[in-house]
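> Any chance you could fold what I've pasted below:
(one chain, ligands or ions: 1)
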Amino acid sequence: MKQGTILVVDDNRNILATVKMLLEDYFETIVAIASPDNIPARLREDRPDVVLLDMNFRSGMNSGNEGLYWLRQVKKLRPQAQVVLFTAYADIQLAVTGLKEGAADFVVKPFDNAKLVAALTDAYRKTAGTKTAVKAGGSGMFWGQSPCMQELKAMVEKVAATDANILITGENGTGKEVLTNEIHRLSLRRDRRLVTIDMGAVAETLFESELFGYVKGAFTDAKADKEGMFELAEGGTLFLDEIGNLGYSLQAKLLTALQRRSIVRVGGSSQIPIDVRLVCATNRDLRRMVASGEFREDLLYRINTIHLHLPPLRERREDIPALARMFLDRYVTMYNKPRMDFTPAAERKIAGLPWYGNIRELQHSVEKAVILGDGRMIDEQDIDGNTAAAEKPLDEVQTIDEMERRLIEKTLRECEGNMSLVASRLGVSRQTLYNKIKKYGL
Ligand SMILES: Nc1ncnc2c1ncn2[C@@H]1O[C@H](COP(=O)(O)OP(=O)(O)OP(=O)(O)O)[C@@H](O)[C@H]1O
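Now for the predicted structure:
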């Protein structure tokens, strides 16, 4: 299925033509321009979801700074568009600066077709939240068979079509954004936009104008009226990611907008009615934040009409093998590799690791194994299980509980999940071991 609009900007006409042809299977509308000077007009008229932006134009400003300049322009004129930078190998440092300034990704020239398509379709998914036709394997929500995920699925199917506000909680990498995309896809608002805003990434000073827009003259840079995220999401879904990072005073402003179902642009006076379905996500404990005075209780009630919790991967271990296999198939296709498989030892290792970075970590680990693998089999040493938390040095461990958990985890890894062996090594009964595994969510 072809979806979305992409703007491709590159002064090399050969590249422009090649990329255009390549993307025809993936994007509904492709606008290709050779001169960056036309960017503002194209943003206004074509309203692209994704911009593929060359970092080095032959004329004009030197040393790739022109690319950064245009990145900032796009972010200013059309903040909801995702920008993927197209860079020469020598410009990688520049691309990294670009990422810090809000680019979604970068692709190095000479480019690999599959990687370029994956970067652009992923970027589109971030804006549109729909299941994009990524030929190399697809990237929708994988539910798994674990009872907790099946329960969650049933709940999502029940509530997606309502307009109830939803709060999604879960550790990093558990799939809160993927779930939001799924909710939007299943909702009656699926033909309208899913607008995402990362509360952690928006400077406090810009929050109001990002969310509510502004009128011309509201501040020095306000050269024209601009709609904010609420208006952009009109009729659709507004996804406020990392809601726990929203400053206390700004929480009141958000609450007011939600209560009144209308917003006032910064510097404006008229109330603009809004019809959005709100989905918020956080990895923080908002109840605890309420108790410590960091989060407004009234806002919490407003945003969590329905609460969905995504369990960490280690609490639904039965889903790990199928997820790993799905990522294996995806990356084998994406990187044009011959058919690959896991050895039984690799399967055991994957099933036994704690995956503190959850699905994101598992995905990256499999991707890395596929990229680096040169045979048909992925063995246990190809699976990178050095999770951040597992790497935490022992002298940073603060509590006896944490020490115990670490020891059990380490032994589980070493014994590849063989419970009897783990229990005997640790000098406890199997039942005690099970109780502790449950207690620590291993
Ligand atoms: N159910 C799923 N099926 C397929 N892929 C998934 C699923 N959940 C997560 N992923 C993949 O894992 C990665 C992390 O997902 P996502 O960004 O949705 O997590 P998150 O909980 O929002 O993370 P964070 O809190 O760090 O922002 C993404 O690359 C996504 O494609």
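> in stretch 296-312, what counts as buried?
Under the neighbour-count criterion of 16 or more other Cβ atoms under 10 Å, stretch 296-312 has R296, L299, L300, R302, I303, N304, I306, L308, L310, P311, P312 buried. (Glycine included, C-beta is placed from N, CA and C.)
> Just want the residue of the protein that's nearest the ligand.
Residue nearest to the ligand within the chain: G175 (2.4 Å; Cβ to the nearest ligand atom).
> And that residue, how far from A118?
Relative to A118, G175 is positioned 18 Å away (Cβ to Cβ, to the nearest Å).
> which of those two has more neighbours?
A118 (23 against 20; other Cβ atoms under 10 Å).
> interface residues of the stretch 301-442 of the chain facing the ligand?
Of all the residues in the stretch 301-442 of the chain, those in contact range of the ligand (Cβ under 6 Å from any ligand atom) are I359, R360, Q363.
> which secondary structure element contains the last one?
So that's Q363. Element membership for Q363, per DSSP states H and E: helix 358-372.
> Run the chain-centre distance for the helix or strand following that helix.
Next in sequence after helix 358-372, counting helices and strands by DSSP H and E, comes strand 377-378. Using Cα atoms, centre = their mean, to the nearest Å, the mean C-alpha position of strand 377-378 is found 28 Å from that of the whole chain.
> list the helices and strands strand 377-378 packs on?
With contacts defined as 3 or more Cβ pairs under 8 Å, 6 or more residues apart in numbering; DSSP states H and E, strand 377-378 has these neighbours: strand 341-342, helix 358-372.
> can you redo these as a markdown table with mean pLDDT and mean neighbour count?
Below are these laid out as a markdown table (pLDDT from 0 to 100; neighbours: other Cβ atoms under 10 Å):
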| stretch | mean pLDDT | mean neighbour count |
| --- | --- | --- |
| strand 341-342 | 94 | 18 |
| helix 358-372 | 91 | 19 |
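> can those go into JSON lines with extra columns for distance to L407?
Shown next, in JSON lines, are those (distance: least, Cβ to Cβ, whole Å):
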{"stretch": "strand 341-342", "distance to L407": "27"}
{"stretch": "helix 358-372", "distance to L407": "21"}
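> nearest to I320, of these?
helix 358-372 (6.9 Å; Cβ to Cβ).
> Run the chain-centre distance for the closest one.
Distance, stretch centre to chain centre, for helix 358-372: 16 Å (Cα atoms, centre = their mean).
> tell me which element the residue nearest to the spatial centre of the chain falls in.
With distances taken as Cα atoms, centre = their mean, E177 lies nearest the centre of the chain, 5.4 Å away. Here E177 sits within helix 176-186, counting by DSSP H and E.
> sorry, back to before: let me know the closest of the buried residues of stretch 296-312 to C148.
Closest approach to C148 among those (Cβ to Cβ): P311, at 5.1 Å.
> The closest one: what's its closest spatial neighbour, skipping adjacent residues?
C148 (5.1 Å; Cβ to Cβ, 6 or more residues apart in numbering).
> which residues touch that neighbour?
Neighbour list for C148: P311, E315, R316 [criterion: Cβ atoms under 8 Å, 6 or more residues apart in numbering].
> pLDDT wise, what is the closest residue to W70 other than its chain neighbours at?
Distances taken as Cβ to Cβ, 6+ apart put P36 closest to W70, at 5.0 Å, once the chain neighbours are dropped. In this model, P36 is scored at 88, pLDDT.
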